[in-house]
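Visitor: can't give you the sequence, but here's the structure:
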């Protein structure tokens, strides 16, 4: 039987769309090293004309361009040929943008500045996946006889299963999570996609040249905690030494008398692959024994190698994101200090309010995660005041209606300022809603009772307590006892009664945390 096939990836034609000439030329140089044919366009309109008149195998497009975004071009491409992979270039990765692009069919992202190895990796991968899809389509076009359909049905299902598993890996690892959650995802995906009984993620301790189990499935805590292997020790140590994948069945394991120091019994089959972050060896993904099957298959190995590759890229991206995140956070912290330095009377206000709020929620028995959310959102709750004139912040007389309206805008301004950080909703809600009131007379949205987010309600009490006990340009500070009584009297009107109950129980703790 003759099978129609597309041209091989070595001769693939790649369209680069970017209004920046230097970016286009840089990508062309990188791709020419792999002997790909490249064409270029300065914007989405010109790029779309290329697609209508030429056979294009892959598109790399900038996210932001004059005359239409990369997302617009992506949608047009998917309408004319859903098999053409599209890789998005972005200068600053945003979780929301990434999710939107993936939903609309983007294959992957390239971030600036460029990483040559990463670009070559995702281009090769995208073209290989396209090649497989096209070959399947051409194959299906010729399957016009029942005998052929029956003979190839099993192979086709295997390919579909493989593609489905790879897609599930892409979806699971393309959403940003911290490394601890990412490591748990990796072992769960490995177990689910191969039906492995036991999975362990080993990470290299570079200082001690030892591998330790970061997390595992099917192993008791004692084994996970005590296991440490030197490079070269056992099958895992051998993978760290030779840096290549191993797939072994029971015959090979027993004949070669291999070592498994952390296993209670010698496994019947193993599959283990190295993980690299960039060019550096990071660790080993180890799988032992399949449920209901004698050994791991070649398809299992393909899936786990893909998982390891994706995991390495995700770990590296997490490190890059963390660097950007910390820089932004440092900037915001500096802005908070700038705000409070503008007003002698509110210095350390954000710190005090956060400490008061934490003492209150501890009385309510919230978990550590909620306390950390409150700590982060509380410190940034007044970030929107950066745009308010000093003359308003330090005004000694009563504010006019117009001036008070300006002050009332700071929660909304604050949310816009922190938008690049991609904070979780609970953190943003603290910033946005800490001036709402239980009776609905607050701002910016006039929310009432339980419609006000819980942590914002807590911070509102702490914020009011600190404001009352701090000297302001237009009045002296109240005593803590007097301020506490006034706040308790506002239970059910300005404040949530349940939170006021916790506040009243925190009296001595609040006094002890007062910062002058």
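Guide: Now that the structure is in, tell me what you want to look at. This is a predicted model, so every value here is computed, not measured.

Visitor: and for residue 26, the neighbour number?
Guide: By other CB atoms under 10 Å, the residues close to residue 26 number 18. The way it works is simple: take the backbone N, C-alpha and C, and place the C-beta from them, glycine included.

Visitor: can you give me the strands in the protein?
Guide: 13-17, 37-41, 58-62, 86-90, 108-111, 196-205, 210-217, 228-230, 246-248, 270-277, 280-290 (DSSP state E).

Visitor: list the residues that contact residue 216.
Guide: By CB atoms under 8 Å, 6 or more residues apart in numbering, residue 216 lies in contact with 187, 198-201, 223-224.

Visitor: what about the residue lying closest to residue 33 once chain neighbours are set aside, distance to residue 90?
Guide: Distances taken as CB to CB, 6 or more residues apart in numbering put residue 120 closest to residue 33, at 7.8 Å, once the chain neighbours are dropped. For residue 120, the distance to residue 90 (CB to CB, to the nearest Å) stands at 18 Å.

Visitor: and residue 337, by the same measure?
Guide: 31 Å.

Visitor: higher neighbour count, the two?
Guide: residue 90 (17 against 13).

Visitor: surely the more buried one and residue 109 touch.
Guide: Yes - using CB atoms under 8 Å, residue 90 is in contact with residue 109, at 6.2 Å.

Visitor: where are the low-confidence patches of the stretch 1-150 of the chain?
Guide: Within the stretch 1-150 of the chain, the segments meeting pLDDT under 70 span 1-10, 92-95, 139-150.

Visitor: relative to residue 504, how far out is residue 495?
Guide: Using CB to CB, residue 495 is found at 11 Å from residue 504.

Visitor: of these two, who's got more company?
Guide: When residue 495 and residue 504 are compared for neighbours, residue 495 comes out ahead with 22 against 15, by other CB under 10 Å.

Visitor: OK, contacts around the nearest residue to residue 249 once chain neighbours are set aside?
Guide: Spatial nearest neighbour of residue 249, excluding adjacent residues (CB to CB, 6+ apart): residue 295 at 4.1 Å. By CB under 8 Å, 6+ apart, the residues touching residue 295 are 247, 249-250, 268-269.

Visitor: kindly give a single ChimeraX line that selects the buried subset of those.
Guide: Applying 16 or more other CB atoms under 10 Å to the contacts of residue 295, the buried members can be selected in ChimeraX as follows:
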select :247,268,269
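
Visitor: lowest-confidence member of the contacts of residue 295, which is it?
Guide: pLDDT is lowest at residue 250 among the contacts of residue 295; the value there is 73.

Visitor: gap between the nearest residue to that one once chain neighbours are set aside and residue 466?
Guide: Once flanking residues are discounted, residue 250 sits nearest to residue 268: 4.5 Å by CB to CB, 6+ apart. Per CB to CB, residue 268 is found 64 Å from residue 466.

Visitor: residue 30 too?
Guide: Distance of residue 30 to residue 466, given as CB to CB: 55 Å.

Visitor: which of those two has more neighbours?
Guide: Set residue 30 next to residue 466 and count neighbours by other CB under 10 Å: residue 466 wins out with 25 against 18.

Visitor: list the contacts for that one?
Guide: Residue 466 touches 349, 352-353, 356, counting by CB under 8 Å, 6+ apart.

Visitor: among those, which lie within helices?
Guide: 349, 352-353, 356 (DSSP state H).

Visitor: make CSV out of these and add distance to residue 455.
Guide: Output for the ones in helices among the contacts of residue 466, formatted as CSV (distance: CB to CB, whole Å):
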residue, distance to residue 455
349, 18
352, 17
353, 12
356, 13
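
Visitor: using TSV, please lay out those together with distance to residue 43 and pLDDT.
Guide: Below are the ones in helices among the contacts of residue 466 laid out as TSV (distance: CB to CB, whole Å; pLDDT from 0 to 100):
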residue	distance to residue 43	pLDDT
349	48	84
352	52	89
353	49	91
356	54	92
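
Visitor: max pairwise distance over these: which two?
Guide: With CB to CB as the measure, no two of those lie farther apart than 349 and 356, at 10.6 Å.

Visitor: looking at these two, which is more packed in?
Guide: The residue with more neighbours, out of residue 349 and residue 356, is residue 356; 25 against 21, by other CB under 10 Å.

Visitor: my read: the more buried one touches residue 462, true?
Guide: Yes - Residue 356 is within contact range of residue 462, at 3.7 Å (criterion: CB under 8 Å).

Visitor: tell me how far residue 446 lies from residue 495.
Guide: Distance of residue 446 to residue 495, computed by CB to CB: 16 Å.

Visitor: same check on residue 295?
Guide: 64 Å.

Visitor: and residue 483, by the same measure?
Guide: In terms of CB to CB, residue 483 sits 13 Å off from residue 495.

Visitor: ditto for residue 356
Guide: Taken as CB to CB, the span from residue 356 to residue 495 is 13 Å.

Visitor: okay, and the common contacts of those two?
Guide: Common neighbours of residue 356 and residue 495, using CB under 8 Å, 6+ apart, are residue 461.

Visitor: buried subset of the contacts of residue 216 as a ChimeraX selection?
Guide: Only the buried entries of the contacts of residue 216 go into this ChimeraX selection, using 16+ other CB under 10 Å:
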select :187,198,199,200,201,223
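
Visitor: please enumerate the helices of the stretch 301-450 of the chain.
Guide: 349-363, 368-379, 390-393, 401-408, 410-417, 425-433 (DSSP state H, counting those that start in this stretch).

Visitor: just give me the lowest mean pLDDT stretch among the ones you listed.
Guide: Going by mean pLDDT, the lowest-scoring of these is helix 390-393, which has a mean of 71.

Visitor: elements contacting that one?
Guide: The contact analysis (3 or more CB pairs under 8 Å, 6 or more residues apart in numbering; DSSP states H and E) places helix 390-393 against helix 401-408.

Visitor: go again using 6 Å as the cut-off
Guide: On a contact count with 3 or more CB pairs under 6 Å, 6 or more residues apart in numbering; DSSP states H and E, helix 390-393 meets no helix or strand.

Visitor: and this protein, what are its domains?
Guide: 9-142, 179-320, 343-512 (automatic domain parsing).

Visitor: of all these, which one comes closest to residue 333?
Guide: Using CB to CB, the nearest of the domains of the chain to residue 333 is domain 343-512, at 7.4 Å.

Visitor: can you give me how far the closest one is from the chain middle?
Guide: When distances are taken as CA atoms, centre = their mean, to the nearest Å, domain 343-512 is centred 29 Å away from the chain's centroid.

Visitor: shift numbering so it begins at 282
Guide: Got it, the first residue is 282 from now on, which makes the last one we talked about domain 624-793.
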